[in-house]
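Undergrad: mind folding the following:
(chains A and B)
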Amino acid sequence: KAGVTQTPRYLIKTRGQQVTLSCSPISGHRSVSWYQQTPGQGLQFLFEYFSETQRNKGNFPGRFSGRQFSNSRSEMNVSTLELGDSALYLCASSLNFGANVLTFGAGSRLTVL
Amino acid sequence: GENVEQHPSTLSVQEGDSAVIKCTYSDSASNYFPWYKQELGKRPQLIIDIRSNVGEKKDQRIAVTLNKTAKHFSLHITETQPEDSAVYFCAASRGNNDMRFGAGTRLTVKP
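TA: Numbers count the residues shown, from 1 in each chain, chains lettered A, B, ... in the order given. As a prediction, this is how the structure comes out:
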């Protein structure tokens, strides 16, 4: 059974640009959550998607958005990138909304110059 | 919102000794408490979890205890091995996937 797949694994952008990250959950998992990991702030919840609907949202500005497709794959987008957006973005899938047992992907490491 | 504090931030033990990591949470509605292990350059992996209707759970060398009254939970690793060296994160949630994570504990097991 394939795990959680995130693409791209690494990317470099400049301030003001936008970026789209992709996440394919474990087959059969319907919930996808996104987390930002930085040395200073640790692991912070961005949002959760289930059945193509955002179910929960963390405390991030509106520049951070996401969506989920009918096959449960999810994308997150960050617009008008800032230096502070440099981080490891982790996607986690779980069987259902509220199932709690999260399986993380390897992450997308974003560097903003 | 939920606030999770984790101590210590670093922990160094000799191989074979026990390691204990403690977390406190603020939201009394939290009912799910997982622990994740993250090795250098790798993804966080769930190692054990506990729900609020249980006080203790064990899985081989790993155990977690939960004190709902005091709002704290702890990870216990016995007979530590060098491969236990990693960063460990505790988390708390209200039953959704909005996990609030502790800041992490870097555990080093010296051979």
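Undergrad: which strand residues bridge the residue most central in space within chain A?
TA: Centroid check for chain A by C-alpha atoms, centre = their mean gives A:Trp34 as the closest residue, at 3.4 Å. Using DSSP bridges, the bridge partners assigned to A:Trp34 are A:Phe47, A:Cys91.
Undergrad: check contacts around B:Asn77.
TA: Rather than Asn, residue B:77 is Ile. B:18-20, B:61-62, B:84, B:107 (C-beta atoms under 8 Å, 6 or more residues apart in numbering or on different chains). Just so you know, the C-beta spots here come from the backbone N, C-alpha and C atoms, and that holds for glycine as well.
Undergrad: closest to A:Ser65 out of the residues you listed?
TA: Proximity of those to A:Ser65 (C-beta to C-beta) peaks at B:Leu107, which lies at 36.0 Å.
Undergrad: spatially nearest residue to that closest one, not counting backbone neighbours?
TA: In space, B:Leu107 comes closest to B:Leu11 once its chain neighbours are excluded; the distance is 5.0 Å by C-beta to C-beta, 6 or more residues apart in numbering or on different chains.
Undergrad: cool, B:Phe89 as well?
TA: With sequence-adjacent residues excluded and distances taken as C-beta to C-beta, 6+ apart, B:Phe89 is closest to B:Tyr36, at 4.6 Å.
Undergrad: swap in B:Asn53?
TA: Once its chain neighbours are removed from consideration, B:Asn53 has its nearest residue in B:Asn31; the separation is 8.0 Å (C-beta to C-beta, 6+ apart).
Undergrad: now do the strands in chain A.
TA: A:5-7, A:10-13, A:19-24, A:31-38, A:42-50, A:53-57, A:64-68, A:74-78, A:87-94, A:103-104, A:108-112 (DSSP state E).
Undergrad: which residues of chain A score low on pLDDT?
TA: Within chain A, the ranges that satisfy pLDDT under 70 run A:1, A:99.
Undergrad: chain B contacts on chain A?
TA: Residues of chain A found near chain B, taking C-beta under 8 Å from any C-beta of the partner chain as the criterion, are A:31, A:33, A:35, A:42-45, A:48, A:55-56, A:58-59, A:90, A:92, A:94, A:97-107.
Undergrad: put the buried members of these into a ChimeraX selection.
TA: Selecting just the buried residues from the residues of chain A next to chain B in ChimeraX takes one command, with 16 or more other C-beta atoms under 10 Å in any protein chain shown as the test:
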select /A:31,33,35,42,43,44,45,48,55,56,58,90,92,94,97,98,99,100,102,103,104,105,106,107
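Undergrad: thanks again, I'm all set now.
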